[in-house]
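Undergrad: pasted the sequence and its predicted model underneath.
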Amino acid sequence: MDIYVVQPGDTIEEIANRYGISVEKLIRDNELQNPDSLLIGQVLVIVHPSKTYRVREGDSLSSIATLNNITVNELLRNNPFLINRPYIYPGEELTISYNRSGSISTYGYTNTFINRQILRKTLPFLTYLAIFDYEIGQNGEALGTDDDIDIIEMAIQHGVIPLMHLATITVQGKADLRLTNRVISDEALQEIIFENVLEIIRDKGYVILWGNNIGTIYYYR
């Protein structure tokens, strides 16, 4: 990746040619609203794909991904402008891969009232998504709503592991230390919590994953 600072007299075409990338990619990567009116001192990000693909008539995201031996999710990560777009155009240039080494796991979290369009744009870049929708009741109940169902489904569709965030948080948003201590020390209460959580797991498809934060347990599908 390179960083370029616009100089007097620069045009979008000259900058693209200088770095050997297409004008449309330079515009998209920098979300330029007025590419013909660059500002002196404006900073542009130049990213160099190792492989690109020119869309053909009849192509779909699935067929392009299969043809290039990548997942649709990876195709969306490399071309985020496609997220929430129901179509692709013949002649459009898509990035298949970048010169990268290694891999990383990414973790995000959300409340159930998140804007679904924003969530859809974010999911291709995540490995895990913690859903903050459950709290432990005084009697070991896993208190939550069904507002997480579509979030779980969206996460799974994007290959993201949805985590159930279960915590001892008061209505004021503070940790209930007394309840936390009970959860840690009271085996009978732990059994009740596990039974209640397992019921939610069976209903919604979560699978167990342990976390190490005091008062917090994570589950995932």
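TA: Right, received. Where do you want to start?
Undergrad: where in the chain is pLDDT low?
TA: The chain contains residues with pLDDT under 70 at 100-102, 170-172, 206-221.
Undergrad: what segments of it are helices?
TA: 12-19, 23-29, 61-67, 72-78, 116-122, 149-157, 177-185, 187-204 (DSSP state H).
Undergrad: distance to residue 137 added to these, as CSV?
TA: All C-beta atoms are positioned from the backbone trio N, CA, C, and that covers glycine. Shown next, in CSV, are those (distance: least, Cβ to Cβ, whole Å):
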stretch, distance to residue 137
helix 12-19, 58
helix 23-29, 48
helix 61-67, 43
helix 72-78, 36
helix 116-122, 27
helix 149-157, 21
helix 177-185, 9
helix 187-204, 9
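Undergrad: so which of those is the most surrounded?
TA: Of all the helices of the chain, helix 72-78 carries the top mean neighbour count, a mean of 19, counting by mean count of other Cβ atoms under 10 Å.
Undergrad: check the offset of the longest strand along the chain from the chain's centre.
TA: Using DSSP state E to define each element, the chain has its longest strand at strand 128-136. A distance of 16 Å separates the centroid of the chain from that of strand 128-136, by Cα atoms, centre = their mean, to the nearest Å.
Undergrad: go on, stretch 194-208?
TA: Relative to its chain's centre, stretch 194-208 lies at 23 Å (Cα atoms, centre = their mean).
Undergrad: what residues go with each domain of this protein?
TA: 2-98, 107-220 (automatic domain parsing).
Undergrad: ok, residue 46 touching residue 20?
TA: No: contact between residue 46 and residue 20 fails when scored by Cβ atoms under 8 Å: they sit 9.4 Å apart.
Undergrad: who has more neighbours, these two?
TA: Using other Cβ atoms under 10 Å as the criterion, residue 46 and residue 20 rank with residue 46 on top: 18 against 8.
Undergrad: now the more buried one. Nearest residue, chain neighbours left out?
TA: Distances taken as Cβ to Cβ, 6 or more residues apart in numbering place residue 2 nearest to residue 46, at 4.0 Å, with adjacent residues excluded.
Undergrad: what residues does that neighbour make contact with?
TA: 19, 45, 46, 48 (Cβ atoms under 8 Å, 6 or more residues apart in numbering).
Undergrad: narrow those to those in strands?
TA: Using DSSP E, these in strands are 45, 46.
Undergrad: can you pull the contacts of the residue nearest in space to the middle of the chain?
TA: In the chain, the residue lying closest to the centroid (Cα atoms, centre = their mean) is residue 123, at 2.6 Å. Counting by Cβ under 8 Å, 6+ apart, residue 123 touches 129, 154, 155, 158, 160.
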